[in-house]
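> sequence unavailable; structure follows:
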């Protein structure tokens, strides 16, 4: 475990540098998959690395080593990891485990509350209209999910623009975008260095839904006008209480991390030609994912050999 065990940690520092370029230059659906996968793999790899480093420190403690019939002297001789590094890794590992458990609990509660709310909403074809002067629209995951639109939003947009809005929200539900957000946030909880990846995912799912609406209508400029029009109306409206974190909103205000897809960036992307699958960025992201996985496997193999040596 001389180099491989540290490689996932190093990649966790470098990966966020590519989050924004990937989210802005790569086709949104592919970018969402790549960013989410990278967040999960790097979080898992870095957690395994911290675990291996922490355990090597435990092997150096004679009392603990004796419980596993290991030689503390052999462990200190054969493993180059400093005890201080192992101790620090143990602290980081404990923090990561607690943060991940808290995130999973909060997210499970949020999704359960959203599913219950969706089941209790009277609806026609999955659409729920609420009396609210604030222009708003969002998708609530459930079995099935619901699309909630305020009367303020309906009054802001015309009939054709209503279709664009509904297409956007239905993409959130059919694409299970709340799962991408949840998985990316899980990775960021386990490894805070990956927070930019989770933030990028909340942007790419909005772009994914925007592009789907543009494809369905065949008018990218009109979709861009709807996004800008709705955002401008909401900006001048009164402030309302936040919705459950499981909801994904047309205006990108449902993200518990930060603004999910700044409106000017989304409008600019819609006014430009559709993005293609950027092979260079996709290949680089895939290389990071594969490298982290291979490094973790190599570090685990080295640790296995270390256990055999200290147990001899």
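Great, that's in hand. Predicted, not measured: the structure shown is a model, and the values here were computed from it.

> run through the stretch 151-300 of the chain and note the low-pLDDT ranges.
235-247, 249, 251-261 (pLDDT under 70).

> quick one, strands of it?
Ranges of strands in the stretch 151-300 of the chain, per DSSP state E, counting those that start in this stretch, are 248-249.

> any idea how far residue 33 lies from residue 107?
19 Å (Cβ to Cβ, to the nearest Å). Quick note: C-beta positions are derived from backbone N, CA and C, even for glycine.

> next: residue 295.
Residue 295 is 28 Å from residue 107, by Cβ to Cβ.

> ok, residue 11 - contacts?
Applying Cβ atoms under 8 Å, 6 or more residues apart in numbering to residue 11 gives the contacts 42, 45, 288, 291-292, 295.

> tell me the centre residue of this protein?
Nearest residue to the geometric centre of the chain (Cα atoms, centre = their mean): residue 184, 1.9 Å.

> re earlier: so which of the contacts of residue 11 is the closest to residue 130?
residue 42 (39.6 Å; Cβ to Cβ).

> what's the offset of the helix or strand the closest one falls within from the middle of its chain?
Taking DSSP states H and E as the criterion, residue 42 maps to helix 28-59. Counting by Cα atoms, centre = their mean, to the nearest Å, helix 28-59 is centred 13 Å from the centre of its parent chain.

> residues of that helix that come out buried?
Buried residues in helix 28-59, counted by 16 or more other Cβ atoms under 10 Å: 28-59.

> so residue 132 sits right up against residue 149, yeah?
No - at 9.3 Å, residue 132 does not count as touching residue 149 under the criterion of Cβ atoms under 8 Å.

> ok, the two, which is more surrounded?
Per other Cβ atoms under 10 Å, whichever of residue 132 and residue 149 has more neighbours is residue 149, with 22 against 16.

> that one: what secondary structure?
strand (DSSP: H, G, I helix; E, B strand; the rest coil).

> so what's it closest to, chain neighbours aside?
Take residue 149 and drop its neighbours on the chain: the residue closest to it by Cβ to Cβ, 6 or more residues apart in numbering is residue 137, 4.5 Å away.

> what is the burial count for the one you found?
24.

> so it versus residue 154, what's the distance?
Applying Cβ to Cβ, the value for residue 137 to residue 154 is 9 Å.

> how about residue 136?
Applying Cβ to Cβ to residue 136 and residue 154 gives a distance of 10 Å.

> next one: residue 271
In this view, residue 271 and residue 154 are 25 Å apart by Cβ to Cβ.

> the two: which is more packed in?
Applying other Cβ under 10 Å to residue 271 and residue 154 shows that residue 154 carries more neighbours, namely 16 against 13.

> I figured that one hits residue 162, correct?
Yes - counting by Cβ under 8 Å, residue 154 does reach residue 162; the two are 6.7 Å apart.

> what's near enough to touch residue 186?
Contacts of residue 186 (Cβ under 8 Å, 6+ apart): 39-40, 43, 100, 103-104, 107.

> can you show me the helices along this structure?
In the chain, the helices defined using DSSP state H lie at 7-14, 19-25, 28-59, 62-67, 72-78, 83-120, 151-156, 159-174, 177-190, 195-217, 220-235, 263-271, 279-310.

> out of the ones you listed, which is closest to residue 143?
So among these, helix 83-120 is nearest, using Cβ to Cβ, at 6.3 Å.

> ok, and for that closest one, which residues are buried?
Quick answer for helix 83-120 (16+ other Cβ under 10 Å): 86, 89-90, 92-93, 96, 99-100, 103, 107, 110-111, 114-115, 117-118.

> cool, and stretch 160-175?
161-162, 164-173, 175.

> residues contacting residue 100?
Going by Cβ under 8 Å, 6+ apart, residue 100 touches 186, 189-190.

> try residue 115
141-143.

> I'd like the distance between it and residue 145.
In terms of Cβ to Cβ, residue 115 sits 8 Å off from residue 145.

> over to residue 4?
Taking Cβ to Cβ, one finds residue 4 at 43 Å from residue 145.

> who has more neighbours, these two?
residue 145 (24 against 20).

> before we move on, what's the pLDDT of the more buried one?
Looking at residue 145, its pLDDT reads 79.

> quick one: it and residue 164, what's the gap?
Residue 145 sits 19 Å away from residue 164, going by Cβ to Cβ.

> ok, now residue 176?
From residue 176 over to residue 164 the distance is 21 Å, taken as Cβ to Cβ.

> for residue 233, same thing?
Taking Cβ to Cβ, one finds residue 233 at 15 Å from residue 164.

> also residue 105?
Look at residue 105 and residue 164: by Cβ to Cβ, they are 36 Å apart.

> please apply the same query to residue 197.
29 Å.

> and for residue 293?
From residue 293 across to residue 164, the span is 40 Å (Cβ to Cβ).

> how about stretch 5-24: buried residues?
Applying 16+ other Cβ under 10 Å to stretch 5-24 flags 5-9, 11-12, 15-16, 18-19, 22-24 as buried.
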